[in-house]
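Colleague: What follows is a predicted protein model with its sequence.
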Amino acid sequence: MAFTKAAVMLEEARTKPNDKTAFSQALRFNHLLWTIIQADITEPANTLPPELKANIMSLSLFVDRQTTASLRSGEVGELEILISINRNLAAGLRAAPEQQSTAG
């Protein structure tokens, strides 16, 4: 799953603060993932409810800003929020449909 891959790459970059290549590659992969998500939710054929699309877009814009800030600063500590977002989304998407229907 792409969210898990992004989180793993960001975690690895966080554990190797001197490896600027891993840091940059992880952030670039994360940016690409979220760019694809943005493109998908803006497609007219996307049938998600408008409110959900707006929430996803809002989150993706936050991720964009955080990714840019992380690339600019080079601080591995700034990766934590991106890791958390990707991990939480991956976990939510892995949940069985029965779990989702009883949780709501």
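Modeller: Looks like it arrived, so ask away.

Colleague: Can you pull the poorly scored residue ranges out of the protein?
Modeller: Across the chain, the ranges flagged by pLDDT under 70 are 96-104.

Colleague: at 50 instead, please
Modeller: Low-confidence segments of the chain, defined by pLDDT under 50: none present.

Colleague: At the geometric centre of it, which residue do we find?
Modeller: Centroid check for the chain by Cα atoms, centre = their mean gives Asn86 as the closest residue, at 4.3 Å.

Colleague: Would you map the helices across the protein?
Modeller: With DSSP state H as the criterion, the chain has helices at 2-15, 20-41, 50-73, 80-94, 97-103.

Colleague: Can you tell me which of those helices is packed in deepest?
Modeller: Of all the helices of the chain, helix 2-15 carries the top mean neighbour count, a mean of 19, counting by mean count of other Cβ atoms under 10 Å. For every residue, glycine as well, the C-beta is placed using N, CA and C.

Colleague: Extract the CA atoms of it and return them as PDB.
Modeller: C-alpha atoms of helix 2-15 as PDB (Å, rounded to 0.1, in the frame of the first residue of the first chain):
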ATOM      1  CA  ALA A   2       1.300   3.400  -1.000                       C
ATOM      2  CA  PHE A   3       0.600   5.100   2.300                       C
ATOM      3  CA  THR A   4       2.500   2.400   4.200                       C
ATOM      4  CA  LYS A   5       5.400   2.700   1.700                       C
ATOM      5  CA  ALA A   6       5.600   6.400   2.200                       C
ATOM      6  CA  ALA A   7       5.500   6.100   6.000                       C
ATOM      7  CA  VAL A   8       8.300   3.500   5.900                       C
ATOM      8  CA  MET A   9      10.500   5.600   3.700                       C
ATOM      9  CA  LEU A  10       9.900   8.700   5.900                       C
ATOM     10  CA  GLU A  11      10.700   6.600   9.000                       C
ATOM     11  CA  GLU A  12      13.900   5.300   7.500                       C
ATOM     12  CA  ALA A  13      14.900   8.900   6.600                       C
ATOM     13  CA  ARG A  14      14.200  10.000  10.100                       C
ATOM     14  CA  THR A  15      16.500   7.300  11.600                       C
END
